[in-house]
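In: Would you be able to build a 3D model of this:
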Amino acid sequence: MNQPQFQCNQRDQLLEQLDRQLLRSRGSGERVALLVFNLRGFREINMTCGHAAGDTVLRLVAERIRSALRPCDGLFHIGNDEFAVVLTTLKSPQVVSLAAQKILHSIDTDYELPAEVVAASAVAGGAVFPDHAGDRDGLLRSADTALHLAREQEQDFLIYDASLVSREQQLANLKRSLSKALDNNDLMLHYQPQIDLQRGQLSGCEALVRWNHAEQGWIRPDVFIPVAEKSELIDTLTYWSINVALREWLEFCVQCRDGAIAVNLSARLLQSTEIVDLVSRALNIWGADPGALILEVTESAMMSDPETALRVLTRLHEMGVTLSIDDFGTGYSSLAYLQKLPVSELKIDRSFVQHMADRPQDRKIVRSIIDLAHNLDMRVVAEGIEDQRSLDMLVSMGCDYGQGFYIARPMPAGQLSDWLHQAPWRKPAA
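Out: Here you go, the predicted model:
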């Protein structure tokens, strides 16, 4: 394999420049900034267009960056797809973000090669001396940290901030704690009942993951679920949730077995056929009817890779599992795509239901979704029912099912039977 020709690593020159500029800065009191840029998709350019094309892109990128700099600033190619810029004689750290955005804008364009046109963009991190570091090595570490955080948070540019680093460390600690909690089976499921609104009887429950941390107390799902989704932990968490939901549903909900149990499916797993095998194994372990399991997926999860999502959902449907689109109305799925999906249920997002009694526009949206679902031969679940007025409106609109705090808050499996005895709702008909 031919090695790229554009490989003049200028890291040593960068270090020499930083030493000179920091020494000068200590005498003048002016600031020095280090910006580190990483090209997006450069590996793909090398793979699809060849290394010669990649070399050309690197040269063109260097020219674009140089054109955005002042004569006193320095540009260095410090890695295969990485550049560093040293900004000197700065009066204020505020100008660093403006300079970074100017450079990023100059990079983010099409590049004409002999055979084709390719697009390139970059992500950047920056740090300022002496604001973020007191020496050369500290400045390098701070800029690299900012670049790493920008990639992690899918930002174009971040300047070093100690609070961001602290937040990143907290998330890393949370990830380790979550992994340990999964290993020790310290998580639990709470179940929120769903009601057949037209018949006035329990139709099933949604299983919701809860975590009572030994030291921090209850940790909200919107805090730890995103941590799991950004790592391989979401696979383990989903498989655990499906298994525990099926086991507890069969163990504690003798009166509810003709209903269904719903479990949320993450976007990450929807892009892999591995979930099909996970679900199949869980159903076999507990001897559960596939039709008793509902897997809920969001519109945004499906639309990130529609073709793969369609294949995965089709295989799950063929297995007999019921599929539901969660938070419907907040995404951007097209009607044409919706018609292709083997989905039996739409869940109206709680943001439309919670205030529909007082907001005519929300009522119109809810009614439109109910009509759309029924025209597509789908059933409808309204979540976020918090008062009798909203419940009555949903019944009159023909909504099939509902859930919310007005009906019942999520509860441990062991409390479901007692709740059903005391609630005005009947158990499912056999």
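
In: Check this protein for its longest helix and report it.
Out: Under DSSP state H, the helix in the chain containing the largest number of residues is helix 162-183.

In: Alpha carbons only: can I get it in CSV?
Out: Extracted as CSV, the C-alpha positions of helix 162-183 are listed here (Å, rounded to 0.1, in the frame of the first residue of the first chain):
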residue,chain,number,x,y,z
ALA,A,162,-12.8,23.0,33.7
SER,A,163,-16.5,22.5,34.4
LEU,A,164,-16.8,20.6,31.1
VAL,A,165,-14.0,18.3,32.1
SER,A,166,-15.5,17.8,35.6
ARG,A,167,-18.8,16.9,33.9
GLU,A,168,-17.0,14.4,31.6
GLN,A,169,-15.4,12.8,34.6
GLN,A,170,-18.8,12.6,36.3
LEU,A,171,-20.3,10.8,33.3
ALA,A,172,-17.3,8.4,33.2
ASN,A,173,-17.8,7.6,36.9
LEU,A,174,-21.6,7.2,36.3
LYS,A,175,-20.8,4.8,33.5
ARG,A,176,-18.6,2.7,35.7
SER,A,177,-21.3,2.7,38.4
LEU,A,178,-24.0,1.7,35.9
SER,A,179,-21.8,-1.2,34.7
LYS,A,180,-21.4,-2.4,38.3
ALA,A,181,-25.1,-2.0,38.9
LEU,A,182,-25.9,-4.2,35.9
ASP,A,183,-23.4,-6.8,37.1
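
In: which residues in the stretch 1-150 of the chain form strands?
Out: Counting by DSSP state E, counting those that start in this stretch, the segments of the stretch 1-150 of the chain that form strands are 31-40, 74-79, 82-90, 109-112, 117-129.

In: In its sheet, which strands sit next to the third one, and in what direction?
Out: What that stands for is strand 82-90. Note on strand 82-90: by DSSP bridges, its sheet partners are strand 31-40 (antiparallel), strand 74-79 (antiparallel).

In: circling back to that earlier point, which residues does the longest helix of the chain contact?
Out: 145-146, 149, 152, 158, 186-187, 211, 213, 219, 223-224, 227-228, 231, 233, 236-237, 240 (CB atoms under 8 Å, 6 or more residues apart in numbering). Backbone N, C-alpha and C define where each C-beta goes, glycine included.

In: Can you list the low-confidence ranges for the stretch 1-150 of the chain?
Out: Under the criterion pLDDT under 70, the flagged ranges of the stretch 1-150 of the chain are 1-9.

In: quick revisit: could you list which of the contacts of helix 162-183 belong to strands?
Out: 158, 187, 211, 213, 219 (DSSP state E).

In: So among these, which ones count as buried?
Out: Buried subset of the ones in strands among the contacts of helix 162-183 (neighbour count, 16 or more other CB atoms under 10 Å): 158, 187, 211, 219.

In: quick one: the second one from residue 269, how far?
Out: Just to be clear, that refers to residue 187. The spacing between residue 187 and residue 269, counted by CB to CB, to the nearest Å, is 17 Å.

In: and the two most separated of the buried ones among the ones in strands among the contacts of helix 162-183?
Out: 158 and 187 (32.1 Å; CB to CB).

In: Could you give me the buried positions within stretch 194-207?
Out: In stretch 194-207, counting by 16+ other CB under 10 Å, buried: 194-197, 201-207.

In: gap between the two ends of that stretch?
Out: The straight-line separation of the ends of stretch 194-207 (CA to CA, to the nearest Å) is 11 Å.

In: going forward, begin numbering at 38 instead of 1
Out: Noted, 38 is the first residue going forward, which turns the last one into stretch 231-244.

In: Mind checking the pLDDT average for that stretch?
Out: Averaging pLDDT along stretch 231-244 gives 91.

In: Distance from that stretch to the middle of the chain?
Out: Put simply, stretch 231-244 sits 30 Å off its chain's centre (CA atoms, centre = their mean, to the nearest Å).

In: List the beta-bridge partners for residue 245.
Out: residue 227.

In: residues near it, how many?
Out: 18 (other CB atoms under 10 Å).

In: ok, now which ones touch it?
Out: By CB under 8 Å, 6+ apart, the neighbours of residue 245 are 226-229, 258, 301, 447.

In: Distance-wise, check it relative to residue 319.
Out: Counting by CB to CB, the gap from residue 245 to residue 319 is 17 Å.

In: Next: residue 79.
Out: 41 Å.

In: again with residue 261
Out: Distance from residue 261 to residue 319, by CB to CB: 22 Å.

In: Ok, residue 409 next?
Out: For residue 409 relative to residue 319 (CB to CB), the value is 32 Å.

In: Can you pick out the residue with more neighbours from those two?
Out: residue 319 (22 against 16).

In: My read is that that one contacts residue 277, right?
Out: No - between residue 319 and residue 277 there is no contact, the gap being 9.7 Å when judged by CB atoms under 8 Å.

In: returning to what we had before: spell out which two among the ones in strands among the contacts of helix 199-220 are the most distant pair, please.
Out: 195 and 224 (32.1 Å).

In: Show me which residues of stretch 259-273 are buried.
Out: 261-262, 264-266, 270-273.

In: Give me the average confidence score over it.
Out: Stretch 259-273 carries an average pLDDT of 87.

In: Endpoints of that stretch, how far apart?
Out: Termini of stretch 259-273 sit 17 Å apart (CA to CA).

In: now stretch 227-241
Out: 13 Å.

In: Check the offset of it from the chain's centre.
Out: Taking mean C-alpha positions (CA atoms, centre = their mean), stretch 227-241 and its chain are 29 Å apart.

In: what's the answer for stretch 340-349, then?
Out: Relative to its chain's centre, stretch 340-349 lies at 16 Å (CA atoms, centre = their mean).

In: List of residues touching that stretch?
Out: If you take CB under 8 Å, 6+ apart as the criterion, stretch 340-349 is touched by 304, 307-310, 312-313, 334, 338-339, 368-370, 374, 377-378.

In: What is the nearest of the residues you listed to residue 94?
Out: Proximity of those to residue 94 (CB to CB) peaks at residue 308, which lies at 28.7 Å.

In: dump the residue contacts of the closest one.
Out: Residue 308 makes contact with 341-342, 345-346, 349 under the criterion CB under 8 Å, 6+ apart.
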